[in-house]
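In: Sequence first, then the predicted structure, then my questions.
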Amino acid sequence: RLVSSMVGKDRIIFATKEDHETPSSAELVADDPDDPYEEQGLILPNGDINWNCPCLGGMASGPCGEQFKSAFSCFHYSTEEIKGSDCVDQFRAMQECMQKYPDLYPQEDENDEKSSKDLEAASMEASAAKEEKGSS
């Protein structure tokens with residue numbers, strides 16, 4: 001009795017008055033913990049990054065998705081004492097990509113240079129800390 005049609009990627013379903021009056025026979029099925037597409041948070045049980053997590057706000061897709069994934073993966077798997085200090089190049093590439101699409105990735109501050117300067121300052125601090133540690 002349900003009429004279903006596809007419009008783009010969406011499925012539109014029309015229900016009749018009788019459909020609404022009939023008790024539902026739908027069964028609730030427990031979530032499959034092995035389904036990587038279920039919302040399991042940012043990190044999957046096996047330690048991988050869940051790129052489908054809504055918490056990423058779509059950053060993993062879009063024109064800078066690959067740069068985001070590269071930078072985020074590097075940070076996630078970083079074993080440096082200052083976590084992510086080995087990922088400056090990936091973050092810089094992501095930042096440069098995002099600056100090409102200001103409508104999609106609005107800058108926090110009026111001053112576009114601020115975030116990349118902060119990133120550079122953090123990387124300088126990280127390398128200075130490394131050198132200090134190595135010289136003792």
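Out: Structure received. Numbering: from 1, shown residues only.

In: where's the closest residue to residue 104 other than its chain neighbours, which helix or strand?
Out: Spatial nearest neighbour of residue 104, excluding adjacent residues (C-beta to C-beta, 6 or more residues apart in numbering): residue 62 at 6.2 Å. The way it works is simple: take the backbone N, C-alpha and C, and place the C-beta from them, glycine included. Using DSSP states H and E, residue 62 falls within no helix or strand.

In: can you tell me how far residue 66 sits from residue 59?
Out: 11 Å (C-beta to C-beta, to the nearest Å).

In: Kindly indicate whether the closest residue in space to residue 94 that isn't next to it in sequence is helix, strand or coil.
Out: Spatially, and ignoring its direct neighbours in sequence, residue 94 is nearest to residue 67 (4.0 Å; C-beta to C-beta, 6+ apart). What DSSP: H, G, I helix; E, B strand; the rest coil gives for residue 67 is helix.

In: so residue 49 makes contact with residue 75?
Out: No. With contact defined as C-beta atoms under 8 Å, residue 49 does not count as touching residue 75 (10.0 Å).

In: quick one: which of residue 66 and residue 59 has more around it?
Out: Neighbours per residue, other C-beta atoms under 10 Å: of residue 66 and residue 59, the larger number sits with residue 59, 18 against 14.

In: That one belongs to a strand?
Out: No. Looking at residue 59 with three-state DSSP, it is coil, so not inside a strand.

In: excluding its backbone neighbours, what's nearest it?
Out: Nearest to residue 59 is residue 68, by C-beta to C-beta, 6+ apart, at 4.8 Å.

In: Near that neighbour, how many other residues are there?
Out: 23.

In: how close does it sit to residue 47?
Out: Counting by C-beta to C-beta - residue 68 and residue 47 are separated by 19 Å.

In: measure the residue nearest to residue 94 to residue 47 for me?
Out: Residue 67 is 22 Å from residue 47, by C-beta to C-beta.

In: In three-state terms, label residue 40 for me.
Out: Once three-state DSSP is applied, residue 40 turns out coil.

In: That one and residue 51 touch, don't they?
Out: No. The pair residue 40 / residue 51 is not scored as a contact, 11.8 Å apart, by C-beta under 8 Å.
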